[in-house]
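1. with the sequence up front, the predicted model follows.
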Amino acid sequence: MLTLRSISIAFGNKTLFSGLDLTIDRGQLFGIAGESGCGKTSLLRALLGFVPLAAGSIEVANLPLDASHINEIRRLTAYVPQELQPPAEDGAALVALTHALAFNRTLLAATVPEASASASLEQVLSSFAIDPSLLSLSASKLSGGQRQRILLAAALALPKPLLLLDEPTSALDEDSTQRVVQTLQHVCHDEHRIALVVSHDPILLAACDRIVHL
């Protein structure tokens, strides 16, 4: 599903990492660990074509990551960047959730029927123990952890085979982290997707099937 061949990423004269080889099959929860600034987030963004490779090549579902295939690769991918936040202005949290879904649909050119996405979304919200009453509150009244869970639910509700998640548990307490871990294990092991997670969280990293340290 995902193959990285001797890839290197550099900015100017600074090489973040080089010579990375990986093959990741469907059904794996895969962790990316390392010190801040080592290129973890840049690796996720490279998989979406936002960061150029200094060397090497990437294939997703046997498609080479290049200009002629990047849109098709993005259609296979759901991405939650670390800094993405729903709008904080007055308005129901449900609007913020819709915004997050719209972000993924627009950026990744999703073609998921609305009814299918809604059914899956309800399941993920339940697994994350998100009280439905939260969706009627002002988005500005959500805690960081509530926002993070909503954004993750939005990404997982889209039935994409490849999930790219940057620090998905950074704002969560241990109970919420365990729920996210269990849900990620389910979507990987039972739904045969790949979740590639950048994390410093020992709970999440311990649950990964494989880990690479950059």
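-> Everything's here; your move. Just so you know, these numbers come straight off a predicted model, no measurement behind them.

2. Ala10: neighbouring residues, count only.
-> 17 (other C-beta atoms under 10 Å). Every residue, glycine included, has its C-beta placed from N, CA and C.

3. show me what contacts the residue nearest to it when sequence neighbours are not counted?
-> Once flanking residues are discounted, Ala10 sits nearest to Ala54: 4.2 Å by C-beta to C-beta, 6 or more residues apart in numbering. Contacts for Ala54 (C-beta atoms under 8 Å, 6 or more residues apart in numbering) come out as Ser8, Ile9, Ala10, Thr15, Ser18.

4. how much space between Ala54 and Glu191?
-> For Ala54, the distance to Glu191 (C-beta to C-beta, to the nearest Å) stands at 34 Å.

5. which among the contacts of Ala54 end up buried?
-> Ile9, Ala10 (16 or more other C-beta atoms under 10 Å).

6. now, which of the contacts of Ala54 sits nearest Ser176?
-> Closest to Ser176 out of these is Ile9 (31.4 Å), distances taken as C-beta to C-beta.

7. and the closest one, its phi and psi?
-> phi -130, psi 130 (degrees, to the nearest 10).

8. from Gly27, how far out is the residue nearest to Ala10?
-> For Ala54, the distance to Gly27 - C-beta to C-beta - is 30 Å.

9. ditto for Arg74
-> On the measure of C-beta to C-beta, Arg74 and Gly27 end up 22 Å apart.

10. please apply the same query to Asp131.
-> Here the criterion is C-beta to C-beta. By it, Asp131 lies 31 Å from Gly27.

11. likewise His213?
-> 22 Å.

12. for the two, indicate the residue with more neighbours.
-> Between His213 and Gly27, counted using other C-beta under 10 Å, the more crowded position is Gly27 (15 against 11).

13. tell me the secondary structure for the more buried one?
-> coil (DSSP: H, G, I helix; E, B strand; the rest coil).
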